[in-house]
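Peer 1: just coords:
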């Protein structure tokens, strides 16, 4: 997906990501593709809201500025509300707290919890949060479903781990809407020092001070530029330098990384506060974090059911509560070289003409090695051809182990024989995930489901590792489309 190389952060209208019954529209497929390519390359994208929703966001940001502006300087004698960052309290934060080391103040709005001030009085939040919360929550779910569509998962694949809509009696929201303020001039840390430009950049831009949210999706609307993110090439880029009034930023979190078996990388981000000394309000933002419920588990069963390869470290479900309390060093995150590029075919994409068009459109890009081209093409065909046949015939794809299946393909009563027959799996090819097939077997797989694939793609067979054992394939197989 990242191989196509978007020149900048992808920008998508939220209205174009709304799914409807029946065949997906071209605008939906294009928007999902742009969103997913941007997530693969930058772990982020820009979402455009409607004019009315943008007005609501703008009003809430104005309210946030005034809310923090009227707060007393920090700390005061009666204000002992430094956030402790206790991982066990991840789903219970509510109300105002501050981090003097990062010159940051936060108000967490969490439906189901009523924040109490230290004086035991009810704290009044910035205006508009009860209206903003469902707006950003719905947008985050729409984005999450669009990612699921791109991964060829079933509809709303993550609903089982999300909060009820609406919340039931006495339920507390796992997701949270945070109103944040960085570097308010009247906000002072414990040494009563106001941060200088050099101090702010030193604190916020050290190599190890980047942050990774543990959310599924985070959606942020800032009032000033300053949010940086690290792209797939390790470069830090600013995300919000040219945001319009209707634009907001979404980026991915660790929970989505875990639930998709590492196919969706989490965003590494940091905030620049070095140019805010002359601003009386600091830098304010709204940040909605779509979180999984604490009593559920993060499992990759949906990815397995869709035919994706799942590494051993993701195969055992982990409870959400344990996941949130556990540290996740960035150097231990599983990183895939690239995310597979799946196309969304029109009705005629199976023809040689359409395949030729696709090849020409990709010719401007740097050519991939033949083995990688084979792997990506095999994954694409699995999604747009084989999975469609399996769905129509009510077959659940459960692939074999390559070593075990070498004997299966020579017997008619093997465990996978019935499935292979129903979906027209090519003879002589082990019934394993196409990603794991030897290169020459991949070609046979592609020829069986897209006859003429080799001639159209002009694959240079001599470049493929010659040491792999040849598996005989019946190219005259009639595929039951």
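Peer 2: That came in fine, so what should we check first? Values in this document were obtained by computation on a predicted structure and should not be read as measured data.
Peer 1: contacts, neighbours, all on C-alpha from now
Peer 2: Noted.
Peer 1: so residue 167 touches residue 173, yeah?
Peer 2: Yes: in this structure, residue 167 is within contact of residue 173 by Cα atoms under 8 Å, at 7.3 Å.
Peer 1: Same drill for the two, tell me which one is more crowded.
Peer 2: More neighbours surround residue 173 than the other of residue 167 and residue 173, with 24 against 12 (other Cα atoms under 10 Å).
Peer 1: which residue sits closest to the more buried one, ignoring its sequence neighbours?
Peer 2: Spatial nearest neighbour of residue 173, chain neighbours left out: residue 111 (5.5 Å); criterion: Cα to Cα, 6 or more residues apart in numbering.
Peer 1: Just give me the neighbour total for the one you found.
Peer 2: The burial count assigned to residue 111 is 18, neighbours taken as other Cα under 10 Å.
Peer 1: Repeat that for residue 329.
Peer 2: 8.
Peer 1: now the end-to-end length of stretch 380-397.
Peer 2: Start-to-end span of stretch 380-397 (Cα to Cα, to the nearest Å) is 15 Å.
Peer 1: what's downstream of the helix or strand of the chain with the lowest mean pLDDT, the next helix or strand?
Peer 2: Lowest by mean pLDDT, DSSP states H and E among the helices and strands of the chain is helix 197-204, with a mean of 44. Downstream of helix 197-204, the next assigned helix or strand under DSSP states H and E is strand 217-222.
Peer 1: Relative to that following strand, what are the paired strands and their orientations?
Peer 2: Neighbouring strands of strand 217-222 in its sheet, by DSSP bridges, are strand 247-252 (antiparallel), strand 283-290 (antiparallel).
Peer 1: what about the longest one, distance to the chain center?
Peer 2: Meaning strand 283-290. Centroid separation between strand 283-290 and its chain, computed with Cα atoms, centre = their mean, to the nearest Å, is 17 Å.
Peer 1: Tell me how far residue 212 lies from residue 257.
Peer 2: Taking Cα to Cα, one finds residue 212 at 11 Å from residue 257.
Peer 1: Between these two, tell me which one has more neighbours.
Peer 2: When residue 212 and residue 257 are compared for neighbours, residue 257 comes out ahead with 22 against 18, by other Cα under 10 Å.
Peer 1: Hmm, that one is touching residue 263, no?
Peer 2: Yes: between residue 257 and residue 263 there is a contact under Cα under 8 Å: 6.6 Å.
Peer 1: so residue 242, which of the three states?
Peer 2: Secondary structure, DSSP: H, G, I helix; E, B strand; the rest coil: residue 242 is coil.
Peer 1: circling back to that earlier point, quick check: neighbours shared by residue 212 and residue 257?
Peer 2: Common neighbours of residue 212 and residue 257 (criterion: Cα atoms under 8 Å, 6 or more residues apart in numbering): residue 266.
Peer 1: What residues of stretch 217-232 count as buried?
Peer 2: 217-223, 225-232 (16 or more other Cα atoms under 10 Å).
Peer 1: Show me which pair in these is furthest apart.
Peer 2: Largest separation among the buried residues of stretch 217-232 by Cα to Cα: 223 and 232, giving 26.2 Å.
Peer 1: do you know how far residue 141 is from residue 262?
Peer 2: For residue 141, the distance to residue 262 - Cα to Cα - is 20 Å.
Peer 1: In terms of neighbours, single out the busier of these two.
Peer 2: With other Cα under 10 Å as the criterion, residue 141 and residue 262 differ in neighbour count, and residue 262 comes out ahead with 22 against 18.
Peer 1: need the contact list for residue 127.
Peer 2: By Cα under 8 Å, 6+ apart, residue 127 lies in contact with 60, 63-64.
Peer 1: Can you verify it is assigned to a strand?
Peer 2: No: with three-state DSSP as the criterion, residue 127 is assigned coil and is not in a strand.
Peer 1: Phi first, then psi, for it.
Peer 2: Dihedral angles of residue 127 (phi, psi; degrees, to the nearest 10) stand at phi -70, psi 150.
Peer 1: Could you tell me what pLDDT the model assigned to it?
Peer 2: pLDDT, residue 127: 91.
Peer 1: What of residue 387?
Peer 2: pLDDT, residue 387: 82.
Peer 1: Could you count how many residues lie near it?
Peer 2: Residue 387 has 19 neighbours, counted by other Cα under 10 Å.
Peer 1: Relative to residue 443, how far out is the residue nearest the centre of the chain?
Peer 2: In the chain, the C-alpha closest to the average C-alpha coordinate belongs to residue 252, at a distance of 4.2 Å (Cα atoms, centre = their mean). Residue 252 sits 35 Å away from residue 443, going by Cα to Cα.
Peer 1: Also residue 255?
Peer 2: 36 Å.
Peer 1: So between the two, which is more surrounded?
Peer 2: Between residue 255 and residue 443, counting by other Cα under 10 Å, residue 255 is the more crowded of the two (24 against 21).
Peer 1: Buried residues in stretch 40-54, which are they?
Peer 2: So for stretch 40-54, counting by 16+ other Cα under 10 Å, buried means 40-49, 53-54.
Peer 1: Restricted to helices, list the residues you listed.
Peer 2: Using DSSP state H, the members of these that fall in helices are 40-42, 53-54.
Peer 1: Could you save those residues as JSON lines and add columns showing distance to residue 180 and pLDDT?
Peer 2: Converted to JSON lines, those look like this (distance: Cα to Cα, whole Å; pLDDT from 0 to 100):
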{"residue": "40", "distance to residue 180": "27", "pLDDT": "94"}
{"residue": "41", "distance to residue 180": "27", "pLDDT": "94"}
{"residue": "42", "distance to residue 180": "23", "pLDDT": "95"}
{"residue": "53", "distance to residue 180": "20", "pLDDT": "97"}
{"residue": "54", "distance to residue 180": "18", "pLDDT": "96"}
